Each structure stands twice: as structure tokens, then as C-alpha cells.
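# Just a sequence and a predicted model for now, questions to come.
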Amino acid sequence: MMQTRREILKAIGLAFVASATQRAGAFVPDVEIALTAAPAELVILPGAPTEVWRFTGRVLKGPANSLQAIPNSYLGPTIRLARGQNVRIRFSNRLPDPSIVHWHGLDVPESADGHPRLAISSGADYVYDFQVTNRAGTYWYHPHPHMQTGPQVYRGLAGLLIVSDEEEGALALPSGAAELTCVLQDRRFDARNQFVYPTGMMDMETGVLGDRVLVNGQVRPTWAVATQAYRLRVLNGSNARIYKLGWSDGTPITILGSQGGLLERPMTQPFVTIAPGQRVDVWLDLSRRTIGTSVELRSVPFAAADVTMAMGMMGGGGGLPQGAAISLLTLRVGSQSTSAARLPERLSTFDRSWQAATGVPVRRIPLAAQMMNWTIDGRSFEMDAVAAGETVTAGSTHHWEFVNAGGPMGMQMAHPIHLHGRQFRVVSRTGGNPANSVRDGLIDAGWTDTVLVLPHETVRVQVTFSGHTGLFLYHCHILEHEDMGMMRNFRITH
Ligand code: C2O
Ligand code: CU
Ligand code: CU
């Protein structure tokens, strides 16, 4: 068949236009955000201001409430997204050091996951394009550069990322002023009110513990509340500290959700254990409280040895030891409210097909210390490498069994193990000390991205890996362990 020169040119032209549209035009963002990380200064303690590193943001396209600043805080703005939205985030690194941002808990393409090999240098920009496919839930974002995650988060780089969806919207849970976000982080300060990030061997071994615990960047804040029901979204954004949360007046904690969003039904228990990287969504009904009374959110005491036992010494480096009693936040009932939100009996309907999976391959993954370094399956982090067992096919289902084997001289720690990408399920938790004082606060009932593996325990999880192919991370979320190499890649292939 003969084609005129003109027809051929036209065909080539169309083909060119088509592929250019596919490359540049297929992704149309519903929300576009500019997010900048830069040094800043703010008053945290009385007296001199504290130098911090901080995320600030601007909505370039989409709903104006896609960003919500946390007043008087070094924390980044809370990013609010809806399931299904196409999101573009333009990250500008205005720090003196390389960095990259990771969206903890979200299932995003490799290029948007913030792997350390994608870190950009000071002054550079990085564009993230992804669709929100996660369930409604409390997620978060933080830097992920190689060996610098601990210090960068500690300087202040972190923020919440909240996803909403229709299923959750239909419940009409407390929102607006009745929804409180609560980020727990501990810090050490020097005499001039500056953050101190210790780098001693012991601090790296056990993870950095502060001597003051901040809530949304403030020391023991008091918030005015009304006689109504509240929803508290709590993030443990600490580098290494584990909290066992309880109410000061003995009111049990009612849990709506955890890492992967709402549970099927609310759960009520005396305490809830929250490890670094984890979140908990809490219901608190203050409708029958008297004006002028208050209730305090606390971390109740637990035995340090139940989470940290390094080289025969408990507690590790400096700072307030693990398990110390801590007053976190006071809620002071100051006004009458007529709003009457009721706790729903059912929160969500889970897809239970995961339970029906048969013949699921099991991978046993020891967590152990070798030569003073924490390792995963006997290995330390390698930037581009994957080992046998670390390659999986897109959408395949696996059992990964984390065996907390400990180290020499009785070195034992609880490790919060995090997988990037998909939310997974805890299938079983065996071994360990049944009387472990943080065990009764664990929530294994929902979808999760981070699971706490207590000393001598074996925790088996079932994960169906993402449909996004490429290199992703799994690691301990004690940030010093991660930075010291307790992190590995897994590769998702077609
Ligand atoms: Cu929240 Cu790879 O981390
Ligand atoms: Cu993550
Ligand atoms: Cu660890």
C-alpha cells in the first residue's frame, strides 16, 4: 500500500503526539502540593528558640484543605487526601544535606516511595506522582535518606497524612474540632534549648531516647475540649520509644483503628502499645464529663527489660528509660456541647479472602545482632541488592515470619518491623514471655504496615505484595537500627 509523504508524516506526527500525551499527560493530578524541607527556628521551651528542620507546604491545585498546618509546631502540615485522588507532590530540598520523602503506609509506585537511592541533593527538587489507593486511615511522611533518617526525623521532619474514603465518611465520626491529631516524639535538649542527637554506640544500639516527650512538638500541652465525643489520631513519631497509652482516670481505651485504617468493630482495652512508626485511632467520649475536669493521656510504666536489653544492661544510652511513666497530654473540659456523636457498633467490613489463601510460601527471617549491628536474615542494608527470598511477584501472597533471635550476651530488643507498600495481617505471634508487660496492649486485629516483634517472639505476617513493580524497603522502625543497616530491599517483579 502506497502512502504519500504527507500521510506518513501525519501518521508519525500523531504517533508522536500520542506517546507524548501518554508520558506527560496520562497523570492528571487532582491535588498538587508543594512541600519544602528547610531549617527554621521556633520556641519550644521557655527562653531561646530551638533550631529545627521543618516541612512547609502550599496547595497548588485541588481542595484548599488538602494541607492543614499544626500551629506552633515543627511538624509538617497534615496532608489530607481522599481515596482515588491523583496526587502530585513537588518536594524541594532546602536542607544543607541530601534528603527524600517517604509516604509511610501508602502503596505507591517505586518512583514515589522515597527509597534512599532516590535522595536528592541540597537545593534540588523531586516530583512524586501517585494515586491514593489506600483505605481511609492515619498515615505519615518522613525523610528516608541513607543513614540519615534518624537525625532528620529527630530535627523535626515529619508530618501526618490522613486519607478519607466513603466507607469511613458514612460513619460520621467526630471531625473538625472534634478530631485531634497527636504526634508523640521524645527529644533531648541542651542548656541553650537546642535538640541533642546523641551518637554514642549505646544510643545507636538501643535507639535514641529523649528525656522529654513532646506532643505535636510541645511539652505536656493542655487542650481545651467540650462535652462531646472525640476522635484522637495518635502517631508514634519517636525514633525509638515505645508507649503504653492509657487514660489517667482509668477509663479504658476505645480503639477505632490502627495503621491500615479502621478495625471491623471498636475494641476496648485498658492500654494500647504503640511502637515507633505505628498509629492508633482512639474514641474518647467526654459527653458526661463535668466542666472544669480534665483527663490526661499517659504512657503507663512498663518493664524496660521487656523491650530493651542490650549487652546485659537495661535501658541503653541516656534519656528517660523505656517504660518510664510519662504524662503526655491534658484534655481540659471547658465548654458544653450539644453534639451527640455515637460510637458505631460496626466500623468496617474487611475483605476476608486473605484468610482463605492456601499453600502460601513461608519465609523465615531472623532478626539478630552480629558484630554489634542489628541484621535482617543475617544481612545489613545494601542500596541496590536483593537476596534470595527478597524477590516476589506483583500481587503474590507470602508469609514472612520474623524471628526475634537476639544477639550475643543476651542482647534483646523489641523491633517494630515495617514493610513499604501493602498493609498486611498478623497471622500469629508465638514464643516470647507471656507476661511481657507491653504485650497486653498490642493490637494485632487490623491491617498494619508495622508490627512490633517482642524479645524472643516469632511473628508471622501475611502480605500480598503490591502490584507496583520495583525496589522497596522493609526495616526496623527504630530509626537508629534502620540507619545502622537493619533494613533490606525486596524486589517486586512481573
Ligand atoms: Cu516510616 Cu521506611 O519508613
Ligand atoms: Cu514506610
Ligand atoms: Cu530494631
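Looks like it arrived, so ask away. Since the structure is predicted, the reported quantities are computational estimates derived from the model, not experimental observations. Ligands and ions are numbered 1, 2, ... in the order given.
# quick one: residue 258 from ligand 1, how far?
15 Å (CB to the nearest ligand atom, to the nearest Å). Placement of C-beta: from N, CA and C, glycine included.
# hey, what's that residue bridged with?
Per DSSP bridges, the residues bridged to residue 258 are residue 261.
# That one touches residue 282, doesn't it?
No - in this structure, residue 258 is not within contact of residue 282 by CB atoms under 8 Å, at 10.4 Å.
# higher neighbour count, the two?
residue 258 (27 against 21; other CB atoms under 10 Å).
# Can you name the residues bridging to whatever residue of the stretch 251-400 of the chain ends up closest to ligand 3?
Closest residue of the stretch 251-400 of the chain to ligand 3, CB to the ion: residue 374 (5.4 Å). Beta bridges link residue 374 to residue 369, judged by DSSP bridges.
# can you count the residues close to it?
Quick note: residue 374 (other CB under 10 Å) scores 26 neighbours.
# For it, which residues are in contact?
Contact analysis of residue 374 by CB atoms under 8 Å, 6 or more residues apart in numbering lists 367-368, 407, 413, 415, 476, 481, 484-486.
# same check, this time on residue 390
Contacts of residue 390 by CB under 8 Å, 6+ apart are 488-491.
# now the residues you listed as JSON lines including distance to ligand 1?
Listed next are the contacts of residue 390 as JSON lines, based on distance: CB to the nearest ligand atom, whole Å:
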{"residue": "488", "distance to ligand 1": "11"}
{"residue": "489", "distance to ligand 1": "11"}
{"residue": "490", "distance to ligand 1": "12"}
{"residue": "491", "distance to ligand 1": "16"}
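# Filter these down to the ones in helices?
When the contacts of residue 390 are checked against helices using DSSP state H, none is located there.
# Could you point out which of the residues you listed is nearest to residue 350?
Within these, proximity to residue 350 (CB to CB) peaks at residue 490, which comes in at 24.8 Å.
# Spell out the residue ranges of the helices in this protein.
Using DSSP H, helices in the chain cover 5-20, 149-154, 166-169, 201-206, 479-483.
# Least confident of these, on average?
Lowest mean pLDDT of these: helix 5-20, a mean of 43.
# Using the record's assignment, carve this structure into domains.
Here the domain parsing of the chain from automatic domain parsing is 5-169, 176-335, 362-493.
# Contact partners for the residue of the stretch 151-300 of the chain found nearest ligand 2?
Relative to ligand 2, the nearest point of the stretch 151-300 of the chain is residue 277 (7.3 Å; CB to the ion). Contacts for residue 277 (CB under 8 Å, 6+ apart) come out as 104, 236, 416, 418, 449-450, 477.
# So residue 404 is in contact with residue 365, correct?
No - when contacts are counted by CB under 8 Å, residue 404 is not listed as touching residue 365 (10.1 Å).
# Low-confidence ranges, this structure, go.
Applying pLDDT under 70 to the chain flags residues 1-25, 310-317, 408-410.
# interface residues of it facing ligand 1?
Applying CB under 6 Å from any ligand atom, we find that the chain lies next to ligand 1 at 102, 104, 142, 144, 277, 418, 420, 473, 475, 477.
# okay if I get those as CSV plus distance to residue 86?
Listed next are those as CSV, based on distance: CB to CB, whole Å:
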residue, distance to residue 86
102, 19
104, 20
142, 23
144, 22
277, 26
418, 25
420, 20
473, 24
475, 28
477, 28
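# For ligand 1, state which of these is nearest.
Nearest to ligand 1 among the residues of the chain next to ligand 1: residue 104, at 3.6 Å, using CB to the nearest ligand atom.
# shouldn't that closest one be in contact with residue 144?
No - using CB under 8 Å, residue 104 is not in contact with residue 144; the gap is 9.0 Å.
# Could you give the residue of the protein that lies closest to ligand 2?
For the chain, CB to the ion, closest residue to ligand 2: residue 104, 3.7 Å.
# For that residue, which residues count as its bridge partners?
Here residue 104, judged by DSSP bridges, has bridge partners residue 140.
# Now for it: which residues touch it?
139-142, 161, 277, 418, 449.
# at 7 Å what do you get?
139-142, 277, 449 (CB atoms under 7 Å, 6 or more residues apart in numbering).
# ok so, going back, can I get the domains of the chain in TSV with distance to residue 345?
What follows is these, written out as TSV (distance: least, CB to CB, whole Å):
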stretch	distance to residue 345
domain 5-169	15
domain 176-335	7
domain 362-493	16
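# Quick one, which of those domains gets closest to residue 353.
The closest of those to residue 353 is domain 362-493. By CB to CB, the value is 9.6 Å.
# how far is the closest one from where the chain is centred?
15 Å (CA atoms, centre = their mean, to the nearest Å).
# neighbours around the closest residue to residue 382 other than its chain neighbours, how many?
Spatial nearest neighbour of residue 382, excluding adjacent residues (CB to CB, 6 or more residues apart in numbering): residue 489 at 7.3 Å. Residues contacting residue 489 under the criterion other CB under 10 Å number 23.
# gap between residue 489 and residue 472?
7 Å (CB to CB, to the nearest Å).
# from memory residue 54 sits against residue 77, does it?
No - contact criterion CB atoms under 7 Å: residue 54 and residue 77 do not qualify, at 9.9 Å.
# Around ligand 2, which positions in this protein sit nearby?
104, 420 (CB under 5 Å from the ion).
# buried ones in stretch 96-114?
Burial within stretch 96-114, assessed by neighbour count using 16 or more other CB atoms under 10 Å, is assigned to 97-110, 112-114.
# Over to stretch 239-252?
239-247.
# With stretch 427-434 instead?
Neighbour counts over stretch 427-434 (16+ other CB under 10 Å) mark 427, 429, 432 as buried.
# can you pull the contacts of the closest residue to ligand 3 within the stretch 151-300 of the chain?
Nearest residue of the stretch 151-300 of the chain to ligand 3: residue 207, at 7.1 Å (CB to the ion). By CB under 7 Å, 6+ apart, the contact list for residue 207 reads 239-240, 478, 480-481.
# Let me have the residues you listed in CSV, extended by distance to residue 126.
Formatted as CSV, the contacts of residue 207 follow (distance: CB to CB, whole Å):
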residue, distance to residue 126
239, 24
240, 28
478, 26
480, 25
481, 26
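# Okay, now stretch 342-358: how far is its last residue from its first?
Taking CA to CA, to the nearest Å, stretch 342-358 runs 40 Å from one end to the other.
# next one: it to chain centre, how far?
That offset, for stretch 342-358, works out to 22 Å (CA atoms, centre = their mean).
# Now tell me what touches that stretch from outside.
Contacts of stretch 342-358 (CB under 7 Å, 6+ apart): 167, 171, 254, 256, 262-266, 283, 285, 397, 425, 462, 464.
# Highest neighbour count among those?
residue 262 (27 neighbours).
# That one is in contact with residue 256, isn't it?
Yes - distance between residue 262 and residue 256: 5.9 Å, which falls inside the contact criterion (CB under 7 Å).
# isn't residue 397 right next to residue 427, touching?
No - judged on CB under 7 Å, residue 397 makes no contact with residue 427 at a distance of 11.2 Å.
# what's the overlap in contacts for these two?
Contacts common to residue 397 and residue 427, judged by CB under 7 Å, 6+ apart, are residue 462.
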